[in-house]
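**Q** predicted model follows, preceded by the sequence.
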Amino acid sequence: MFNLIKTLAVMLFLMAAVKLNATPLIVATEGDYPPFSYFDEAGNLSGFDVDIAHALCEAMQRECEVIAVPWVDLLDRLEAGDFQMIVASMAETTERKKRALFTDYYYRSQTSFVGDSRRFIAVSPDALVGRILSAGRDSIQADFLMERYSSSTILLTDNLIESFDLLVAGEVDLVLTDSINSLDFLRSTEGAHFDFISEPLIDPILKSEAHIAVTLGDIELVKAINNAIIDIRLSGIYDQINRRYVPFSIY
Amino acid sequence: MMGTLKRSQLKMSITLVIAVVGILIVFTIALLLTSSLLRDISTNSRMTADRYLPELVRSQQGALKVEKIHTYLDAAYRVQDASEERRLRLLLQILVHSFMLDDDDYLVTEANNIMFDIRELLYIRHTQRQLHNEIINILDASDKDIDYAKGFFSAVSLMSIQERFIQLPMTILETQLPDESFSEVLYRIRFIIDLNEQLNNLVDDANQRIAGLSNYLNTDAALRTHQISNEVGNDAEKVRDYFSMLIGILVIFSVMILYAFQRLILRPVQELVEGLRSIEKQGDKTVRLRPMYFRELDVIRHAIEEYSGLMHRLQLANTELERLSQIDGLTGLANRRSLDQALDLEVRRSQRYQHPLALMMIDIDHFKNINDQFGHQVGDEGLKLLASILMQFSQRPGELAARYGGEEFVLVLPEASLSDAIEIAEKLLDECRKAAFPFNPNLHFTISIGISCYRNTTSNTKELLINHADQALYQAKTAGRDCFRIYD
């Protein structure tokens, strides 16, 4: 009898262990959103989001695979079950909450317009009537532009790299995106002629907090990630990663 | 017999059960109260931490950011390269704007003011850089021998363009350049110098604001820490108070229970044991005990009191029995058994102390005739009558009158010499002659007496004394009765 129980227990333990090890967590990020996720010169997926994803997995003691997925496909493929979590600087919106669970925030940032500072000073809807404004498709910035800047032409792109390319080519007047994302562009050679226009925008649509999205219903994973966020913040790993990409704390 | 005191009594078993249940209830209530209070306190502490710690962390973060702003501002002030200046400015901008994420009006206002100073600073630097370029251009356009001044102005940092550093190049230029060109250069130099003044003021202002902000955040952090430690400290004190209260209740309860146990059980049991012991020495009075508080103990008390009564009755019966075993039923005189005991004692005493001892054997004359003639009842009356006379002759200590058997009696007379014995015998004979029967006043009787006296050689045992007295009595009988004879 006792032996039977022992055997069963060992089997169960092995099964649980196998289950834990056999199914590595697949984490999706964007890949076109420096400095949060991008492909470096060697072609490796890197960035703040990627490093944070690996750090969280280590804190949760899970094996992880981080893959790059186009921004517009992220939530569809999460729902399809291609991966279990998204670490892609995603803001929590009412629409998205119907499709995924969100953890506590893992960094905060602001949204500002970027453009030629010699041509633009004010960024109110009135001042930008008829101008061509660009933002990433399905982003809170896109929602914001469509809601508040109906008198401007809005050009949505699949990722911000495209938007900045259009800005450099003179095809759009202003790009609206996250300040830290813009910083990366502004510090590049192509961005040298551009600048932040006016102050960061403050609006309920423009959330300042970035969250991790998890498959709907997987509350255990949300809890594990929330604890992992606290873990890496306490252990200083978060700050190390933070400093690799931004010289001050963005938490 | 039993305690008639009627008062409500409790059963000890039930009382004990009630007491234990009561104690358990009180303890449970106390524990529940304390634990719920403790839970409240710990939730409170956690809420305090939850409320203040994030603010504390934020203050700390803010302070670090302010420190960073200071560093960047300093770098932006010193940097010469325009692109490097731009890089620092962009960082500064995001850093300063990040304060807007926190809902703190003072922080936001001050951050904006600092940002304004930075913009001013950069604008001034921009203007200075333009003026500097213009100076270089004017100097380059000149064909005069002003290489030193050219080299100086292209190498000098904008910050260093101050009156005291440019005396030498300016004198060279004054002498070499045409007046018009010189005044153009001088105008721009003065402009740059003025702007440097302004720049210094701006940097001072920004630094002061940064210091103020840093102070604000640090004070804030200190205040929060103080608040946390205060509130948690208060909670800890409450915990201590509740624990002392709980311990106090426990102590009071324990003391009460011990007192009640001592008072209601231990002492009564001791009293019962004492009562049981005192039965042995109770004497004439039976043992009486206080009524007990508990019914079980009271039952024991009743049993002890009943036992005491029983013992008392047994003692009385014993005394009576002992008395009865030494007395002749009819006459009330000592019987043969007690005569034997008394005589043994007296013979031994006479032996030891050489004291005299006389023994009289007395027999009623013609007693058979009295019996036959008047009946046994009258005969018994005669025996009783003689007995009452003999009683009068055995008043002194040690003297004993006993019925020897039938109508024969013995009188033991310690300390009586032969002459004493003769005197007593004569008196006795006389008394008997005078004595009258209670219901037959005309009926009289006489007695015969045989006397034997203790002597070392001959009559030195009890048996011999009696035997000798018996022989003397026989002589008295043969001599005609109503007289005495002494054994020789």
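**A** Perfect, I can see it now. Numbers count the residues shown, from 1 in each chain, chains lettered A, B, ... in the order given.
**Q** please make it C-alpha for all contacts and neighbour counts, starting now.
**A** Fine.
**Q** which residue packs closest to the residue in the stretch 301-450 of chain B positioned nearest to chain A, ignoring adjacent ones?
**A** Chain A sits closest to residue B:301 of the stretch 301-450 of chain B, with a gap of 60.6 Å, by Cα to the nearest Cα. Closest residue to residue B:301 apart from its sequence neighbours, by Cα to Cα, 6 or more residues apart in numbering or on different chains: residue B:272 at 6.5 Å.
**Q** quick one: that neighbour and residue B:303 touch, right?
**A** No - between residue B:272 and residue B:303 there is no contact under Cα atoms under 8 Å: 10.1 Å.
**Q** need the strands for chain B, in chain order.
**A** With DSSP state E as the criterion, chain B has strands at B:357-364, B:400-405, B:408-414, B:447-453, B:484-486.
**Q** need those in CSV (columns: distance to chain A).
**A** Compiled in CSV, these are given as follows (distance: least, Cα to the nearest Cα, whole Å):
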stretch, distance to chain A
strand B:357-364, 104
strand B:400-405, 98
strand B:408-414, 101
strand B:447-453, 108
strand B:484-486, 114
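**Q** minimum distance to residue B:81: which of the ones you listed has it?
**A** Closest to residue B:81 of those, according to Cα to Cα: strand B:400-405, at 154.0 Å.
**Q** let's see the pLDDT reported for residue 194.
**A** As the question left the chain open, I've gone with chain A. If you check residue A:194, the pLDDT there is 93.
**Q** was after chain B, sorry
**A** What the model reports for residue B:194 is a pLDDT of 92.
**Q** one more: residue A:45?
**A** Model confidence at residue A:45 (pLDDT) stands at 95.
**Q** distance check, it against residue A:53.
**A** Spatial separation of residue A:45 from residue A:53 under the definition Cα to Cα, to the nearest Å is 12 Å.
**Q** which one of these two is surrounded by more residues?
**A** The neighbour comparison of residue A:45 against residue A:53 (other Cα atoms under 10 Å in any protein chain shown) goes to residue A:53, with 24 against 19.
**Q** so that one, which state does it fall into?
**A** Following DSSP: H, G, I helix; E, B strand; the rest coil, the label given to residue A:53 is helix.
**Q** excluding chain neighbours, what is closest to it?
**A** residue A:87 (6.4 Å).
**Q** next: residue A:64.
**A** Closest residue to residue A:64 apart from its sequence neighbours, by Cα to Cα, 6+ apart: residue A:25 at 4.6 Å.
**Q** same check, this time on residue B:214
**A** Leaving aside its sequence neighbours, residue B:214 sits nearest to residue B:63 (Cα to Cα, 6+ apart; 5.5 Å).
**Q** burial measure for that neighbour, as a count.
**A** Using other Cα under 10 Å, residue B:63 has 21 other residues around it.
**Q** now residue B:143
**A** Other residues close to residue B:143 by other Cα under 10 Å number 10.
**Q** for the strand ranked longest in chain A, packing partners?
**A** Determined from DSSP E, the single longest strand within chain A is strand A:100-108. With contacts taken as 3 or more Cα pairs under 8 Å, 6 or more residues apart in numbering or on different chains; DSSP states H and E, strand A:100-108 sits against strand A:209-215, helix A:219-235.
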